[in-house]
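Peer 1: Provided below for reference: sequence and predicted model.
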Amino acid sequence: KQWYQRRVRGFDLSTQALKVYVADENLALETEVVVKYAEDLPHYGPSDTILRKGNSVTSPVSMWIEALDVAVEKLSQIIDLSLVVAISGCAQQHGTVYTGNSFQEKLQGCDSALRLTTQLTGCFTRHDSPIWMDDSTAEYCSKLENVVGVEELCAKTGSRAHPRFSVHHIHKMVNENLSRYEVTERVMLISNFLGTLLTGEYMSIDYSDGSGMNLLDIFEKRWIKEIAELYKEDVTCKLGDPKPTLQDEEEEAETISDYFIERHSFSSECKVFRCTGDNPATLVGLCCREQDLILSLGTSDVLIGVSRSVKPSPDIHVFCNPIDNKSHMFIICYKNGSLVREELCEKHCRGDWSRYNQSLTQPPDTEDLFVGNYLLLPEIIPVGLKGAFCTSDPDFSLWTHPPDRIIRTVTEGQFLSKRNHIAAAGYEPSPDARLIVVGGASVNNTLLQLISNVFGMKVYRVGSANAAARGAALLAYAGIHGVDKMREVGYKDGFEVVAVPDPAAHDTYCIMRKLYTETQEKYVHHLVKVEEERIAMEEFRNRAFPVRRQYRSNSTASTSSARSKK
């Protein structure tokens with residue numbers, strides 16, 4: 001068959017759905033399939049797709065396998081699967097899958113007359129996999145940082161220790177359920193588990209998704225033995241060696257398994273390229289070049305970028321770039337995104353976004369520089385910072401100002417802060433760098449103009465909603481034709497310029513960035529002073545009124561004793 005008839009396909013095994021993106025020879029979208037776990041798999045209700053038990057959060061492995069069965073069946077009714085020449089995939093990051101003895105042998109022996117789901121039940125030493133929402137490993141994070149050191153850990157792995165990162169869940173199993181770990185044949189990330197299902201062979205963890213484990217040296221591209229052996233076992237023995245996201249020239253790509261050839265009529269020549277994490281795939285799917293930035297404007301805000309000079313620090317995540325060994329991608333996460341903007345809109349504008357936007361339309365006043373912010377939730381950067389502050393008041397009170405000023409100050413503050421953080425990480429945009437926006441708030445052109453002015457960058461909006469699945473399809477294309485050809489064909493369409501920076505406004509915001517840093521530092525010192533005064537007052541009371549304190553203690557004890565007797 002000629003190339004113009006052929007297709008590439010990308011999978012995205014996400015938290016709530018499996019998405020499939022099928023592209024034509026020009027990498028334009030031909031069709032998409034979405035399998036929503038809670039809706040399309042009838043025996044998994046909303047409460048069964050994400051299982052919570054205290055701080056532990058897991059998902060059933062069988063659910064992901066069944067979603068793959070259903071997605072491919074749906075696709076087979078839409079397109080001729082024999083025309084698919086290349087596949088790649090991505091998945092939610094940090095989650096881990098634990099296979100039992102002889103899993104690969106059982107996978108290769110699956111009967112093509114039956115679904116994978118029915119044949120792989122009981123093949124896992126953990127039937128529910130910990131996912132990125134799991135916060136049950138805080139003590140393991142503390143131990144790692146105490147042993148290695150926060151700065152050293154960041155310098156090697158690209159991140160400080162985070163409870164959701166994979167190595168802590170593996171260590172937890174080793175430490176708390178060694179007998180189950182010992183009968184585990186392989187530990188995988190969800191991404192290379194997806195690739196393993198497609199090929200019938202254990203797929204390697206790729207460098208980019210492996211960067212989210214707190215285990216990979218992102219510069220040397222190898223597992224760190226000191227971390228791997230922190231507990232009773234060297235956990236790398238069950239991980240296999242990490243590999244580049246895109247195969248080296250001398251490395252032969254895997255082909256799709258006999259199961260899918262026989263059951264769904266795939267071509268025996270269909271290649272399956274290494275799968276990666278959803279954030280690295282999004283970087284590819286949104287055509288993020290070196291110096292570009294991606295800004296996701298959701299409930300929380302997320303910045304993703306590519307740079308050769310980014311400096312790992314406790315405030316950011318630095319991952320291996322899936323398509324360029326000479327640069328790294330960085331990720332900065334914020335809890336206070338649209339959540340705060342929506343609260344201000346509801347409180348001061350009765351939910352009317354046109355009124356909210358009126359507060360953002362005037363350029364910054366060079367004669368009356370005023371900055372501040374409102375952090376509804378304890379922020380990730382700076383760690384734990386919360387509350388409202390501004391420049392003009394000794395007590396940092398923001399709420400005494402008119403609503404228009406509050407809205408503008410907080411909105412500007414959100415993005416002045418972000419611009420300062422990427423500068424601290426060593427990132428400065430080049431003149432042709434693009435700021436690519438996604439997420440719910442990316443439809444607000446007034447907000448995007450303000451962001452453009454703060455960052456000094458043109459803002460682009462992209463048409464594709466499933467950026468991660470598209471990124472996986474682009475990786476499949478790059479596996480056959482190379483990265484340069486993928487960029488030439490896949491990066492040319494679908495982007496709309498929605499905001500261009502105003503030079504005068506940008507110059508003013510550059511001054512305001514410094515003022516914002518000074519104001520935030522003063523606010524932090526203010527909070528420290530308030531806390532010190534509170535502690536000092538508590539100590540004074542304890543010294544000044546020891547008898548009353550002892551009386552209270554005795555009285556409480558007597559009351560408790562009397563209740564016990566009753």
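Peer 2: Ah, there it is.
Peer 1: C-alpha from now on. contacts and neighbour counts both.
Peer 2: OK.
Peer 1: in the stretch 251-400 of the chain, which spans are strands?
Peer 2: Ranges of strands within the stretch 251-400 of the chain are 254-255, 271-272, 276-277, 293-297, 301-307, 317-320, 328-334, 372-375, 387-390, based on DSSP state E, counting those that start in this stretch.
Peer 1: which of the ones you listed is buried the deepest?
Peer 2: Scoring these by mean neighbour count under mean count of other Cα atoms under 10 Å gives strand 276-277 as the most buried, with a mean of 34.
Peer 1: Relative to that one, what are the paired strands and their orientations?
Peer 2: strand 84-91 (parallel) (DSSP bridges).
Peer 1: I'd like the mean pLDDT over the helix or strand following the strand it pairs with, please.
Peer 2: Counting by DSSP states H and E, the next helix or strand C-terminal to strand 84-91 is strand 96-100. In this model, strand 96-100 has a mean pLDDT of 97.
Peer 1: Check which helices and strands strand 96-100 is in contact with.
Peer 2: Applying 3 or more Cα pairs under 8 Å, 6 or more residues apart in numbering; DSSP states H and E, we find strand 96-100 packed against strand 128-130, helix 166-176, strand 184-189, helix 190-199.
Peer 1: how far away is the closest residue to V310 other than its chain neighbours from V148?
Peer 2: Once flanking residues are discounted, V310 sits nearest to G426: 4.9 Å by Cα to Cα, 6 or more residues apart in numbering. To V148, G426 is 24 Å away according to Cα to Cα, to the nearest Å.
Peer 1: got it, and D365?
Peer 2: From D365 to V148 the distance is 48 Å (Cα to Cα).
Peer 1: next one: K53
Peer 2: For K53, the distance to V148 - Cα to Cα - is 30 Å.
Peer 1: the more surrounded of the two?
Peer 2: V148 (13 against 9; other Cα atoms under 10 Å).
Peer 1: measure that one to I480 for me?
Peer 2: 41 Å.
Peer 1: same check, this time on S88
Peer 2: 11 Å.
Peer 1: L18 now?
Peer 2: In terms of Cα to Cα, L18 sits 24 Å off from I480.
Peer 1: Give me the neighbour count for the residue nearest to V310.
Peer 2: If you count neighbours by other Cα under 10 Å, G426 ends up with 13.
Peer 1: That one touches K311, doesn't it?
Peer 2: Yes. Counting by Cα atoms under 8 Å, G426 touches K311, with 5.9 Å between them.
Peer 1: coming back round to it: which of L18 and I480 has more residues huddled nearby?
Peer 2: Neighbours were counted for L18 and for I480 using other Cα under 10 Å; L18 has more, 22 against 17.
Peer 1: since we're on W132, how many residues are nearby?
Peer 2: Counted with other Cα under 10 Å, W132 comes out at 19.
Peer 1: Just the element for it, please.
Peer 2: For W132, there is no helix or strand it lies in under DSSP H and E.
Peer 1: Now for the residue nearest to it when sequence neighbours are not counted, how many residues are close by?
Peer 2: Spatial nearest neighbour of W132, chain neighbours left out: R164 (4.9 Å); criterion: Cα to Cα, 6+ apart. For R164, the neighbour count with other Cα under 10 Å is 25.
Peer 1: How about D48?
Peer 2: So D48, with other Cα under 10 Å, has 15 neighbours.
Peer 1: Return the list of helices and strands in contact with the helix or strand hosting it.
Peer 2: Secondary structure from DSSP H and E places D48 in helix 46-49. If you count contacts as 3+ Cα pairs under 8 Å, 6+ apart, helix 46-49 packs onto helix 37-40, strand 56-60.
Peer 1: which stretch among those comes nearest R7?
Peer 2: Closest approach to R7 among the helices and strands packed on helix 46-49 (Cα to Cα): helix 37-40, 25.4 Å.
Peer 1: Now find how far off-centre the closest one is within its chain.
Peer 2: 23 Å (Cα atoms, centre = their mean, to the nearest Å).
Peer 1: quick one: buried residues of that helix?
Peer 2: Judged by neighbour count (16 or more other Cα atoms under 10 Å), helix 37-40 contains these buried residues: Y37, A38.
Peer 1: So for the nearest residue to R52 once chain neighbours are set aside, what's the pLDDT?
Peer 2: Spatial nearest neighbour of R52, chain neighbours left out: T58 (6.7 Å); criterion: Cα to Cα, 6+ apart. As predicted, T58 sits at a pLDDT of 95.
Peer 1: how much space between the nearest residue in space to P46 that is not next to it in sequence and V8?
Peer 2: Take P46 and drop its neighbours on the chain: the residue closest to it by Cα to Cα, 6+ apart is A38, 5.0 Å away. Using Cα to Cα, we find A38 at a distance of 27 Å from V8.
Peer 1: Ok, L286 next?
Peer 2: Relative to V8, L286 is positioned 17 Å away (Cα to Cα).
Peer 1: cool, F103 as well?
Peer 2: Distance, F103 to V8, using Cα to Cα: 28 Å.
Peer 1: More neighbours: the two, which one.
Peer 2: Neighbour tally, F103 and V8, criterion other Cα under 10 Å: the higher count belongs to V8, 28 against 21.
Peer 1: just checking, the more buried one is part of a strand?
Peer 2: Yes. Judged by DSSP: H, G, I helix; E, B strand; the rest coil, V8 forms part of a strand.
Peer 1: ranges for the strands of the stretch 451-566 of the chain?
Peer 2: Under the criterion DSSP E, counting those that start in this stretch, the stretch 451-566 of the chain contains strands at 458-462, 495-499.
Peer 1: pLDDT of the last one, averaged?
Peer 2: Model confidence over strand 495-499, given as mean pLDDT, is 92.
Peer 1: Outside of that strand itself, list whatever touches it.
Peer 2: For strand 495-499, contacts defined as Cα atoms under 8 Å, 6 or more residues apart in numbering pick out N445, L448, Q449, S452, K458, V459, Y460, R461, V462, G463.
Peer 1: buried set for it?
Peer 2: In strand 495-499, counting by 16+ other Cα under 10 Å, buried: F495, V498, A499.
Peer 1: now do stretch 356-368
Peer 2: Y356, N357, S359, L360, P364.
Peer 1: Can you give me the neighbour number for the closest residue to D502 other than its chain neighbours?
Peer 2: Sequence neighbours aside, N453 is the residue nearest to D502 in space, at 5.8 Å (criterion: Cα to Cα, 6+ apart). Look at N453: counted by other Cα under 10 Å, it has 27 neighbours.
Peer 1: looking at this, the residue nearest to V310 is in a helix?
Peer 2: No. Applying three-state DSSP, one finds G426 to be coil, outside a helix.
Peer 1: Next one, pLDDT for it please.
Peer 2: 82.
Peer 1: Quick check: it vs S307, distance?
Peer 2: Distance of G426 to S307, given as Cα to Cα: 8 Å.
Peer 1: One more: S442?
Peer 2: From S442 to S307 the distance is 24 Å (Cα to Cα).
Peer 1: Likewise for G212?
Peer 2: Remark: distance between G212 and S307 (Cα to Cα) = 18 Å.
Peer 1: circling back: residues in contact with the residue nearest to W132?
Peer 2: Applying Cα under 8 Å, 6+ apart to R164 gives the contacts H94, G95, I131, W132, M133, D134, D135, T137.
Peer 1: before we move on, the earlier item: of the strands of the stretch 251-400 of the chain, which is nearest F219?
Peer 2: Counting by Cα to Cα, F219 lies closest to strand 317-320 out of the strands of the stretch 251-400 of the chain; the figure is 8.1 Å.
Peer 1: what lines up beside the closest one in the sheet?
Peer 2: strand 328-334 (antiparallel).
Peer 1: would you put the C-alpha positions of the partner strand in PDB?
Peer 2: In PDB, the C-alpha atoms belonging to strand 328-334 read as follows (Å, rounded to 0.1, in the frame of the first residue of the first chain):
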ATOM      1  CA  HIS A 328      15.500  19.200  28.900                       C
ATOM      2  CA  MET A 329      11.800  19.900  29.500                       C
ATOM      3  CA  PHE A 330      10.800  21.600  32.700                       C
ATOM      4  CA  ILE A 331       7.400  21.600  34.500                       C
ATOM      5  CA  ILE A 332       6.200  24.100  37.100                       C
ATOM      6  CA  CYS A 333       2.900  23.500  38.900                       C
ATOM      7  CA  TYR A 334       0.600  25.900  40.700                       C
END
